[in-house]
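K.L.:
3D, please:
(one chain, ligands or ions: 1)
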Amino acid sequence: MIVIGGTSSKKLAQDLAKELNSKYVQAQVSRFPDGECYVRIEEDALDDDVIVVQNTHPDTNLVEMLLIQDAALGLGARSITSVVPYFGYSRQDERFHKGEALSAKVMVDIMGLNSIRLASVDVHKPVVLEWFAGKTYNIFAAESIGEFFKDSGIDLVLAPDEGALDRAAAVAKAINAEFDNLEKTRLSGEVVRMAPKNVDAKDKSVLIVDDIISTGGTIEAAANQLKMLGAKSVIAVCTHGLFAKDALNKLRKCCNAVYSTNTIENEVSVISVAPQIAKLLRD
Ligand code: R5P
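P.N.:
Residues are numbered from 1 along each chain as shown. Okay, the predicted model is just below:
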């Protein structure tokens, strides 16, 4: 196998190639003055199965991914596997209101244009992968997160809402801690409310685990509630650190530390999911 990294996921692609003992190829990507994307792979041929690692978020990355795949096919790639570490648009898996786009399906359809396998990490609504005709893999980051926090003195792993409880439970199991969840209601894109809940957080080191941190509103509300409940320290971790606007600064004011996996590369993406992706793709 040959692993090609796009600009969104260069480090993760290099780690993945190492894990798979595969050749790593960096796609050359630049932008024309009008913003259009230019892609070239400087190899004579790619006569092998090719893994392309590239996010589809934000939208410009999607075009880059498609062009890299086409360039690889043009050099003779036998098959393409799309590794999309953060699957954007997966929250829009229904037409919630009449007239809306079914965005998640559009994304899945596009990824099926060139690739026969699709791998992603903690897909927000994993059911969307069923629209893909080929083989799909949804990698659970809880294992890597658990490994990272082993022996870090966490007493309680907390999910901000019930939907995130399985992830918190898996992390808690890996580090031998308790787990629980808060009860979140989203009031708008940026504002959430945590219902008062009697979580036993007094004098505990608490780790809040979520799949996505976007505006940071969810984690901020959870951290504030934990402080009211007497938590000794609060650390936040997520799989996909989008950190929209000044989310990271905002969270640094209410949490002792913030971490994410490297599905989106940023200044706190210190937890690598490459070993887990490699484990699945090897089979
Ligand atoms: C929502 O269902 C997700 O699991 C996250 O909790 C949400 O996307 C976080 O968004 P924000 O950081 O903007 O509160």
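
K.L.:
ok, and the closest non-adjacent residue to Ile145?
P.N.:
Val171 (5.2 Å; CB to CB, 6 or more residues apart in numbering). Backbone N, C-alpha and C define where each C-beta goes, glycine included.

K.L.:
I figured the one you found was touching Phe148, is that so?
P.N.:
No - applying CB atoms under 8 Å as the test, Val171 and Phe148 come out as separate, 9.4 Å apart.

K.L.:
higher neighbour count, those two?
P.N.:
Val171 (27 against 18; other CB atoms under 10 Å).

K.L.:
how far away is that one from Ala201?
P.N.:
Remark: distance between Val171 and Ala201 (CB to CB, to the nearest Å) = 16 Å.

K.L.:
and if you look at Leu242?
P.N.:
Taking CB to CB, one finds Leu242 at 26 Å from Ala201.

K.L.:
Which residues of the stretch 101-250 of the chain lie near the ligand?
P.N.:
Residues of the stretch 101-250 of the chain lying near the ligand by CB under 6 Å from any ligand atom: Pro160, Ala164, Val192, Asp210, Asp211, Ile212, Ile213, Ser214, Thr215, Gly216, Gly217, Thr218.

K.L.:
Could I get the full set of strands for the stretch 51-200 of the chain?
P.N.:
Listed in chain order, the strands of the stretch 51-200 of the chain (DSSP state E, counting those that start in this stretch) span 79-84, 117-121, 135-139, 156-159, 178-181, 183-186, 192-195.

K.L.:
what's the distance between the fifth one and the middle of its chain?
P.N.:
So the one you mean is strand 178-181. 22 Å (CA atoms, centre = their mean, to the nearest Å).

K.L.:
What lies in contact with that strand?
P.N.:
Residues outside strand 178-181 that contact it (CB atoms under 8 Å, 6 or more residues apart in numbering): 155-162, 164-165, 168-169, 171-172, 199-200.

K.L.:
10 Å instead?
P.N.:
154-173, 197-201, 204, 206-207, 209, 222 (CB atoms under 10 Å, 6 or more residues apart in numbering).

K.L.:
Now do the contacts for Ser205.
P.N.:
Ser205 is in contact with Ser152, Gly153, Ile154, Asp155, Leu156, Ala177, Ala231, Lys232, Ser233, Val234, Ile235, Asn256, counting by CB under 10 Å, 6+ apart.

K.L.:
Could you rerun that using 6 Å?
P.N.:
Contact partners of Ser205, counting by CB atoms under 6 Å, 6 or more residues apart in numbering, are Gly153, Ile154, Asp155, Lys232, Ser233.

K.L.:
give me the beta-bridge partners of Ser209?
P.N.:
Heads up, residue 209 is Val, not Ser. Beta bridges link Val209 to Val237, judged by DSSP bridges.

K.L.:
pLDDT score assigned to the closest residue to Asp203 other than its chain neighbours?
P.N.:
Closest residue to Asp203 apart from its sequence neighbours, by CB to CB, 6+ apart: Lys232 at 5.1 Å. You'll see Lys232 listed with a pLDDT of 97.

K.L.:
Equivalent analysis for Pro196, please.
P.N.:
Pro196 carries a pLDDT value of 72.

K.L.:
Excluding chain neighbours, what is closest to it?
P.N.:
Leaving aside its sequence neighbours, Pro196 sits nearest to Gln225 (CB to CB, 6+ apart; 7.6 Å).

K.L.:
thinking again about what came up before, would you mind checking the contacts of strand 178-181 for buried ones?
P.N.:
With burial judged by 16 or more other CB atoms under 10 Å, the buried subset of the contacts of strand 178-181 is 154-161, 164-165, 167-172, 199, 201, 204, 206-207, 209, 222.

K.L.:
any idea which of the contacts of Ser205 is closest to Lys18?
P.N.:
Distances from Lys18 to the contacts of Ser205, taken as CB to CB, are shortest for Ile154 (28.8 Å).

K.L.:
show me the contacts for the closest residue to the ligand within the stretch 1-150 of the chain.
P.N.:
Among the residues of the stretch 1-150 of the chain, His124 lies closest to the ligand, at 6.5 Å counting by CB to the nearest ligand atom. His124 is in contact with Ser90, Arg91, Asp211, counting by CB under 6 Å, 6+ apart.

K.L.:
distance of it from Arg95?
P.N.:
17 Å.

K.L.:
repeat for Ser115
P.N.:
Taken as CB to CB, the span from Ser115 to Arg95 is 26 Å.
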